[in-house]
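1. Pasting the sequence and the predicted model now:
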Amino acid sequence: MQNKRLHQVLQQISSQRVAVIGDVCLDLYLFLSDVSEDSLETGLPTQIVERVSGYLGGAGNVAANCAALGAGEVALYGVIGDDLYGREILHLCETLSIRTAGLERQPDEWHTNVYTKPYRRDTEQSRLDIGTLNRLQAQTAITMLQRLREELPSFDVVIINQQVTNGLHSPEFRRGLTELIGAIAGTPVFLDSRNFPDDYVGSIRKLNLSEARRTPEAESFELLRGGAAGALAQRLVRRWGAPVYLTRGESGCIVATENAVFELPAVAVEGPVDPVGAGDSMLAAAALAHAAGAPHDKAAAIGVLAAGVTVRKRFRTGVATPDEILKLSQQAEYIHNADLASHPSLAVYHQQSHIEIVAQDRQTNRGGRKPPLRYAIFDHDGTISAVREGWEGIMDPVMCEAVLGRPPEEVPAEELRVARARVRELIDRTTGVQTIVQMQELVSLVEEFGRVAGTEIKSAEEYKAIYNERLIELVRERLTRLHRGELAVDDLTIKNAVPLLRRLREAGTRMYLASGTDEQDVRVEAEALGYADLFEGGIVGSVGDAENDPKSLVLRRILKEIGAENASAVITFGDGPVEIRETRKLGGFTVGVASDEVRRYGLNLHKRRRLIRAGADIVVPDYSQLEDLMAFLGLEAADASKPADGGSK
């Protein structure tokens, strides 16, 4: 969705009046101290709470998201108890300017729904739930329906939330509300119902994959297969007679209408996530965007962005604002082919080769319908060279020690486990970026963990120096053995990497080497391995400037040479997500190299998953099937009279 149109829709939301009807809850977060003491009365250890946070949950959080999005009016309809938690819900609504005249108090047989979530450090403990045994009294339902009968016609969009089995949605209430929906034909009604998706005829359903699997239509579907989820969504459209928004977590969202199916990728989220509230954000944003004039596919795209904002907000029931959505839209990376990435059994290969075809609609040189690939960008480590194989095993303890403030072996097992999980996530996510950028993220992680005093936290440059000092010992030892003849080039490069480079040069391809490793080190290693002279376009590495990624610089340089309209003549080979994403965004073709750097041949399944999610067009384990790869890419020997840039000699 173009940024200008996104901005327009978000502005138009401010004129929309929305009614949110459903199970109103309070989410209560308790952050526990590691300190404990025994109770004088019982002798049992106490749980000391350091701080408490409360947020609207359920239909309340849908309303909170509508308010955060700037809707002109937000009215919340539901039931609360005559208790302190109900009063807290009213207080929270007041602070958000949510109208609460439609919140009925039922003093008997009803406790305000509360989900109490104790956290010890980053880990949620057993939850305490209140109100799950409520019973809606007939008079409460009658009063609610009478108010809704009078007020619903004045709204531009209605959102119905149902997530509690013993909540607002009794049989009597469902029948009454269904009649009211029929009376406001023309007003879009969005339904998110865990238990009663067949009710509320005429509503636009938003449901997740788990809920869709429980429908009779899902019985004949193997939902991982290409197109199956879309076909199921269309069946559900026919079942309910209205559009369906089918959310699938990391696999994105499918929107089905009577005549079309749209598949939208999920936003790739960096760092730890918290999914609480993401579905509410998606629902609120999509409903309001549609009410503001966006067609269903565009409304869903805005909903996906809103969910992408919310999942980044940990330890709270999140909401998304227009500014946050706009900011994310400008910098978002998306998850491609998530099902295929996670399930190698779904792989499709070119003929009898090991070339996995990922993006069927983006394949090159089929019948000469696309321009030849004449500009090749290579990542270095793991794509060509294995000299630095094992760098993760060096970076891991360096980062763990920095985060914990002492050597890993001196840290209690559970504390080390938590820190190591975060460190490994950081390393995995930033593979391929400049080392200095990784160390900048390390500084943030050290600050977050709080185990090191602020005055003792090192700079990114200092952490990088510590890491490089340990890594360079490994690199020097391998290059020394190469010079002595104890190792050969083949022992330190991915299978057939050097023959591939030579074949590409013979085919007239102009080649560039772009790496997140320091530029001088890349040059030294490429020269030692004997292929530095093949990169006529240049060798570009990190120069310590975090604002200028070498791979982005090379891509921009090439596009300046050939023109953005010729970007499809660019091919990038890489084993990390950075080069794959950057090339795909600019329209080039990408080869994900899922290399096993220890053996230097064969498939690394972890890399495969990472590369497919980043948007690789094809994936290869190595270059052992060189002839098949060259033929598939259409990289035949070039006409010697024509230089790679298409100019005259």
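-> Happy to help now that I have it. Numbers count the residues shown, from 1 in each chain.

2. which residue sits closest to residue 38, ignoring its sequence neighbours?
-> Residue nearest to residue 38 in three dimensions, not counting chain neighbours: residue 45, with 5.7 Å by C-beta to C-beta, 6 or more residues apart in numbering. Just so you know, the C-beta spots here come from the backbone N, C-alpha and C atoms, and that holds for glycine as well.

3. Report how many residues lie close to the one you found.
-> Close neighbours of residue 45, defined as other C-beta atoms under 10 Å, add up to 10.

4. Contact partners for it?
-> 36, 37, 38, 39 (C-beta atoms under 8 Å, 6 or more residues apart in numbering).

5. give the contact list for the third one.
-> By C-beta under 8 Å, 6+ apart, residue 38 lies in contact with 44, 45, 46.

6. Quick check: chain neighbours aside, which residue is closest to residue 342?
-> Counting by C-beta to C-beta, 6+ apart, the residue nearest residue 342 is residue 609, at 6.3 Å.

7. Tell me which helix or strand the one you found sits in.
-> Element membership of residue 609 [criterion: DSSP states H and E] is helix 605-614.

8. Buried ones in that helix, by neighbour count?
-> 607, 608, 609, 610, 611, 612, 613, 614 (16 or more other C-beta atoms under 10 Å).

9. helices and strands of this structure: which one has the lowest mean pLDDT?
-> helix 550-562 (a mean of 82; mean pLDDT, DSSP states H and E).

10. What about the residue nearest to residue 49 when sequence neighbours are not counted? Give its phi and psi, please.
-> Closest residue in space to residue 49, ignoring its immediate chain neighbours: residue 30 at 5.0 Å, by C-beta to C-beta, 6+ apart. The phi/psi pair for residue 30 (degrees, to the nearest 10) reads phi -110, psi 120.

11. Reformat the buried residues of helix 605-614 as a markdown table; add distance to residue 100.
-> Converted to a markdown table, those look like this (distance: C-beta to C-beta, whole Å):
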| residue | distance to residue 100 |
| --- | --- |
| 607 | 52 |
| 608 | 51 |
| 609 | 46 |
| 610 | 47 |
| 611 | 50 |
| 612 | 47 |
| 613 | 43 |
| 614 | 46 |
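
12. returning to that earlier point: okay but the residue nearest to residue 342 is in contact with residue 340, surely?
-> No: in terms of C-beta atoms under 8 Å, residue 609 does not count as a neighbour of residue 340; the distance is 9.2 Å.

13. Okay, buried residues for the helix or strand where residue 160 lies please.
-> If you go by DSSP H and E, residue 160 is part of strand 157-162. Within strand 157-162, the residues that count as buried by 16+ other C-beta under 10 Å are 157, 158, 159, 160, 161, 162.

14. OK, contacts around residue 239?
-> Residue 239 neighbours (C-beta under 8 Å, 6+ apart): 215, 217.

15. in what helix or strand does the nearest residue to residue 190 once chain neighbours are set aside lie?
-> Once flanking residues are discounted, residue 190 sits nearest to residue 287: 4.3 Å by C-beta to C-beta, 6+ apart. Following DSSP H and E, the helix or strand that holds residue 287 is helix 278-291.

16. For residue 619, which residues count as its bridge partners?
-> residue 356, residue 592 (DSSP bridges).

17. picking up where we left off before, the residue nearest to residue 49 touches residue 115, doesn't it?
-> No: assessed by C-beta under 8 Å, residue 30 is found out of contact with residue 115, at 11.2 Å.

18. tell me which element residue 142 is part of?
-> helix 138-151.

19. Contacts for that helix, please.
-> For helix 138-151, contacts defined as C-beta under 8 Å, 6+ apart pick out 19, 21, 75, 77, 79, 101-102, 104, 106, 110, 168, 170, 172-173, 176-177, 180, 183.

20. what's the angle between it and strand 157-162?
-> 160 degrees (axes from the mean of the first three to the mean of the last three C-alpha atoms, to 10 degrees).

21. give the contact list for the residue lying closest to residue 121 once chain neighbours are set aside.
-> Nearest non-adjacent residue to residue 121, counting by C-beta to C-beta, 6+ apart: residue 418, 6.6 Å away. Listed by C-beta under 8 Å, 6+ apart, the contact partners of residue 418 are 121, 122, 123.

22. The first one and residue 34, how far apart?
-> Here residue 121 is placed at a distance of 8 Å from residue 34 (C-beta to C-beta, to the nearest Å).

23. and the closest residue to residue 61 other than its chain neighbours, how many residues sit next to it?
-> Leaving aside its sequence neighbours, residue 61 sits nearest to residue 280 (C-beta to C-beta, 6+ apart; 4.4 Å). Neighbour count for residue 280, taken as other C-beta under 10 Å: 32.

24. same check, this time on residue 586
-> For residue 586, using other C-beta under 10 Å, the count is 17.

25. got it, and residue 107?
-> 10.

26. Look up the pLDDT of it for me, please.
-> The model reports residue 107 with a pLDDT of 92.

27. I'd say it and residue 82 touch.
-> Yes: using C-beta under 8 Å, residue 107 is in contact with residue 82, at 4.2 Å.

28. Would you point out which residue is most central in the protein?
-> With distances taken as C-alpha atoms, centre = their mean, residue 268 lies nearest the centre of the chain, 2.3 Å away.

29. Which stretches in the stretch 251-400 of the chain count as helices?
-> 278-291, 296-310, 322-331, 338-342, 391-404 (DSSP state H, counting those that start in this stretch).

30. Mean pLDDT and distance to residue 231 for those helices - can I get that in TSV?
-> Below are these laid out as TSV (pLDDT from 0 to 100; distance: least, C-beta to C-beta, whole Å):
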stretch	mean pLDDT	distance to residue 231
helix 278-291	97	22
helix 296-310	96	17
helix 322-331	94	29
helix 338-342	91	14
helix 391-404	94	41
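
31. Save the ones you listed as a markdown table, and put in distance to residue 139 too.
-> Output for those, formatted as a markdown table (distance: least, C-beta to C-beta, whole Å):
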| stretch | distance to residue 139 |
| --- | --- |
| helix 278-291 | 29 |
| helix 296-310 | 36 |
| helix 322-331 | 40 |
| helix 338-342 | 48 |
| helix 391-404 | 58 |
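
32. which stretch among the ones you listed comes nearest residue 198?
-> helix 278-291 (18.4 Å; C-beta to C-beta).

33. just how off-centre is the closest one within its chain?
-> Relative to the chain's own centre, helix 278-291 is displaced by 18 Å; criterion: C-alpha atoms, centre = their mean, to the nearest Å.

34. And stretch 419-436, by the same measure?
-> 16 Å.

35. Can you give me the buried ones in it?
-> 419-420, 422-423, 426-427, 429-436.

36. repeat for stretch 51-63
-> So stretch 51-63, judged by 16+ other C-beta under 10 Å, has buried residues 54, 55, 56, 57, 58, 59, 60, 61, 62, 63.

37. Over to stretch 96-103?
-> Of all the residues in stretch 96-103, those buried under the rule 16+ other C-beta under 10 Å are 96, 98, 99, 100, 102, 103.

38. farthest pair in those residues?
-> It's 96 and 102 that sit farthest apart of the buried residues of stretch 96-103, by C-beta to C-beta, at 14.8 Å.

39. How are the strands of the stretch 451-600 of the chain distributed by residue range?
-> 510-518, 538-542, 570-574, 589-593 (DSSP state E, counting those that start in this stretch).

40. what's the spacing between the closest residue to residue 346 other than its chain neighbours and residue 359?
-> The spatial neighbour of residue 346 that comes closest, neighbours along the chain excluded (C-beta to C-beta, 6+ apart), is residue 340 at 5.1 Å. According to C-beta to C-beta, residue 340 stands 10 Å off from residue 359.

41. just to revisit the earlier point, give me the contact list for the helix holding residue 609.
-> Contacts of helix 605-614 (C-beta under 8 Å, 6+ apart): 268, 333, 335-338, 340-342, 344, 356, 358, 382, 428, 431, 574-577, 580-581, 584, 592-595, 619.

42. Mind giving me the ChimeraX command for buried ones among these?
-> In ChimeraX syntax, the buried subset of the contacts of helix 605-614 is picked out as below (16+ other C-beta under 10 Å):
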select :268,333,335,336,337,338,340,341,356,358,382,431,574,575,576,577,580,581,584,592,593,594,595,619
